[in-house]
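Visitor: Sequence first, then the predicted structure:
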Amino acid sequence: MLDILNESIENLVSSIQSGSLKSVDLVDFYIDRINKFKEYNAVIEIFDDARDLALEMDKKIANGFKGKLAGIPIIIKDNILYENHKASCASKMLENFVSPFNATVVDKLLKEGAIILGRANMDEFAMGSSTETSFYGKTLNALDKSRVPGGSSGGSAVAVALNLCPVALGTDTGGSVRQPASFNGIIGLKPSYGRVSRYGIVAYGSSLDQVGVLAKNTDDTKLIFNIISGHSENDMTSIKNEVKDSLDSVIENLKIGVPVEIKEMIKGMPCENAFYTLIDQLKNLNCEIVDVSLPNIKLVLPTYYIIATAEATSNLARFDGVKYTYRSKDSKSLEEVYLKSRSEGFGEEVKRRIMLGNYVLSSGYYDAYYKKAKSLQNELKNEFKSALKNVDLILLPTTKGEAYKLGEKTNPIDSYREDIFTVSANITSLPAISVPYMKGEHNMPFGMQFIANYFEENKLFKISEIVEKLAKN
Ligand code: GLN
């Protein structure tokens, strides 16, 4: 008898292809679980047509269809477009928005036979680290209901951790896949910028956004990553060239860089002990551990929050009450349509980001903030580039430690500080993975993070397999 909750996706697909498991039974199984775990508020909507599509898929499979995801239900974050289905970014602004087309990633999943089961809760417009800013209410951590699930892809992470689906997609602009993965004890991958098409993803910070994978093991992560990556005509920033490194290549004796500045930063943090324990364990496995230096990493957080909010301001200008968004009922002029619809449609955090972004872009402050942040971004890219000339991977914690309590970080700056270890990968466009590694004093898991050079996700999968084994023992 197949143990659905513990099988790899590949094994589930073989059972479906062989006819011993039906896609519709799998969909029913997960729908039951979603309903059973409703109080976690991880899933905003189970799509009405999922069951029928699974029935259709079963017929297609019986007639010879083959796909790497044949009949597998997948949950997508609520900012990923799926034709004729709602995508609201967990905002009142887009509460009734129905997508007229598919995101490239959705097309790619469907082509392999996946069933899109539903949409996951998130921080409004992907702005946040705790999934507490959703218009649909907060999501609860899969392992402790009194704690945050992390964010902004908190719904996707909890859906995977609670086994409401085998795998989920999220988006990561500053850590939104890796941080909730860390807080819920699963794997979170942010690919290199340009690896996965952003077409059909509601933009937050266009130069930072990437679709990422939330999964229970390395094999599933790799499988989904291989399917969703690749060039798309609709996204000029998606890469054209085939990547040099084969994903299957074996990498022996990895050389891992430990930033000396990070050693300073984590002093006294809950993750400190785990960080050094992992280093020792990796040394015992013949990984070479060397110090690297990233002098400006201490400034990465303000750099990120300036660039991300500047881009968000411009991306969110399109939600104006005129086209496809919420429109305030009592507006009497065009001016009022803009003003009232945006004031009523956006939540607090989103409005704060719009204000911040406009401020750093305004003529009087552009040089002092935005221009400076962009030049710091260049410095940081160069620092990572030279560090990665000598090492395969750079080790960082994903989070300071375990998930914190719901409602604990009401001051936005406290919440921004949570992203200290994740934003570097977005600012530098590099790929990164968070792998569950240890439990903290409240018995909650947290992850360790590795950053690789551009398009060297293969090294991330290799180290992920290693850490996965270490964490089990
Ligand atoms: N917490 C970060 C922010 O609010 C990252 C969000 C994300 O990756 N989408 O900007």
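Guide: Cool, got the structure.

Visitor: Quick check: closest non-adjacent residue to the residue nearest to the spatial centre of the chain.
Guide: By CA atoms, centre = their mean, the chain has its centre lying nearest to residue 177, at 2.4 Å. Residue nearest to residue 177 in three dimensions, not counting chain neighbours: residue 212, with 3.3 Å by CB to CB, 6 or more residues apart in numbering. C-betas here are computed from N, CA, C, even on glycine.

Visitor: State the three-state secondary structure for that neighbour.
Guide: strand (DSSP: H, G, I helix; E, B strand; the rest coil).

Visitor: just checking, next helix/strand downstream of the helix or strand where residue 159 lies?
Guide: Per DSSP states H and E, residue 159 falls inside helix 154-161. Following helix 154-161 in sequence order, the next helix or strand is strand 167-172 (DSSP H and E).

Visitor: residues of stretch 339-349 that come out buried?
Guide: Using 16 or more other CB atoms under 10 Å as the test for burial, stretch 339-349 gives 340, 341, 342, 344, 345, 346, 347, 349.

Visitor: And that stretch, how far out from the chain middle?
Guide: 25 Å (CA atoms, centre = their mean, to the nearest Å).

Visitor: The ligand contacts on this protein?
Guide: 126-129, 152, 171-176, 204, 308, 419 (CB under 6 Å from any ligand atom).

Visitor: mind giving me CSV with these and columns for pLDDT?
Guide: Shown next, in CSV, are the residues of the chain next to the ligand (pLDDT from 0 to 100):
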residue, pLDDT
126, 98
127, 98
128, 97
129, 97
152, 98
171, 98
172, 98
173, 98
174, 98
175, 98
176, 98
204, 98
308, 98
419, 97
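
Visitor: and the two most separated of these?
Guide: The most widely separated members of these, counting by CB to CB, are 171 and 419 (14.3 Å).

Visitor: quick revisit: if we take the buried residues of stretch 339-349, which one ends up nearest to the ligand?
Guide: The ligand lies nearest to residue 349 out of the buried residues of stretch 339-349, by CB to the nearest ligand atom, at 7.9 Å.

Visitor: helix, strand or coil for that closest one?
Guide: helix.

Visitor: what does residue 51 give?
Guide: helix.

Visitor: For it, which residues are in contact?
Guide: Contacts for residue 51 (CB atoms under 8 Å, 6 or more residues apart in numbering) come out as 24, 27, 28, 31.

Visitor: wait, isn't the residue nearest to residue 177 in contact with residue 173?
Guide: No - using CB atoms under 8 Å, residue 212 is not in contact with residue 173, being 10.0 Å away.

Visitor: can you tell me the helix or strand for the closest residue to residue 327 other than its chain neighbours?
Guide: With sequence-adjacent residues excluded and distances taken as CB to CB, 6+ apart, residue 327 is closest to residue 321, at 4.5 Å. Under the criterion of DSSP H and E, residue 321 resides outside all helices and strands.

Visitor: Next one: residue 321 from residue 345, what distance?
Guide: 7 Å (CB to CB, to the nearest Å).

Visitor: Spit out the residues that contact those two alike.
Guide: residue 328.

Visitor: Pull out the buried positions in stretch 430-443.
Guide: Buried residues in stretch 430-443 (16+ other CB under 10 Å): 430, 431, 432, 433, 434, 435, 436, 437, 438, 440.

Visitor: swap that for stretch 142-160, please
Guide: For stretch 142-160, using 16+ other CB under 10 Å, the buried residues are 142-144, 147-160.

Visitor: And the contacts of residue 51, which of them are buried?
Guide: Using 16+ other CB under 10 Å, the buried ones in these are 24, 27, 31.

Visitor: Can you tell me the SS state at the last one?
Guide: Look at residue 31: counting by three-state DSSP, its state is helix.

Visitor: hang on, it packs against residue 46?
Guide: Yes - counting by CB under 8 Å, residue 31 does reach residue 46; the two are 5.8 Å apart.

Visitor: Now for these two: what residues contact both?
Guide: By CB under 8 Å, 6+ apart, the residues touching both residue 31 and residue 46 are residue 117.

Visitor: What mean pLDDT does the longest helix seen in the chain get?
Guide: Ranked by number of residues, the top helix in the chain under DSSP state H is helix 372-390. What helix 372-390 shows for mean pLDDT is 98.

Visitor: residues contacting residue 190?
Guide: Counted by CB under 8 Å, 6+ apart, residue 190 has contacts 172, 175, 177, 178, 210, 212, 425, 426, 431, 432, 433.

Visitor: now it, which residues is it bridged with?
Guide: residue 432 (DSSP bridges).

Visitor: quick one: pLDDT of it?
Guide: 98.

Visitor: Quick one: low-confidence residue ranges for this protein.
Guide: Applying pLDDT under 70 to the chain picks out residues 1, 241-250, 473.

Visitor: hang on, the earlier thing: tell me which of residue 171 and residue 419 has more neighbours.
Guide: residue 171 (28 against 24; other CB atoms under 10 Å).

Visitor: Go ahead and confirm that one touches residue 213.
Guide: No - using CB under 8 Å, residue 171 makes no contact with residue 213, being 10.8 Å away.

Visitor: what touches both of those two?
Guide: Joint contacts of residue 171 and residue 213 (CB under 8 Å, 6+ apart) are residue 177.

Visitor: and stretch 313-321, how far out from the chain's middle?
Guide: 23 Å.

Visitor: Going by neighbour count, list what's buried in it.
Guide: Under 16+ other CB under 10 Å, the buried positions of stretch 313-321 are 313, 315, 316, 319, 320, 321.

Visitor: which residues does residue 71 contact?
Guide: Residue 71 touches 12-13, 16, 21-23, 26, 54, 57-58, 61, 113, 115, counting by CB under 8 Å, 6+ apart.

Visitor: same check, this time on residue 266
Guide: So residue 266 contacts 272, 275, 397, 400 (CB under 8 Å, 6+ apart).

Visitor: Repeat the analysis, applying 10 Å as the threshold.
Guide: By CB atoms under 10 Å, 6 or more residues apart in numbering, the contact list for residue 266 reads 272, 273, 274, 275, 276, 396, 397, 400, 401, 420, 421.

Visitor: Return the subset of those residues lying in strands.
Guide: The members of the contacts of residue 266 that map onto strands under DSSP state E are 396, 397.

Visitor: Let's see the PyMOL selection covering just the buried ones among the contacts of residue 266.
Guide: The buried residues among the contacts of residue 266 can be selected in PyMOL (16+ other CB under 10 Å) with this line:
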select buried, resi 272+274+275+396+397+400+401+420+421
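
Visitor: Give me the subset of the contacts of residue 266 lying in helices.
Guide: Using DSSP H, the contacts of residue 266 in helices are 272, 273, 274, 275, 276.

Visitor: picking up where we left off before, take the contacts of residue 71 and lay them out in CSV including secondary structure and neighbour count.
Guide: Formatted as CSV, these follow (DSSP: H, G, I helix; E, B strand; the rest coil; neighbours: other CB atoms under 10 Å):
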residue, secondary structure, neighbour count
12, helix, 22
13, helix, 26
16, helix, 24
21, coil, 21
22, coil, 18
23, helix, 28
26, helix, 24
54, helix, 23
57, helix, 24
58, helix, 22
61, helix, 21
113, coil, 21
115, strand, 28
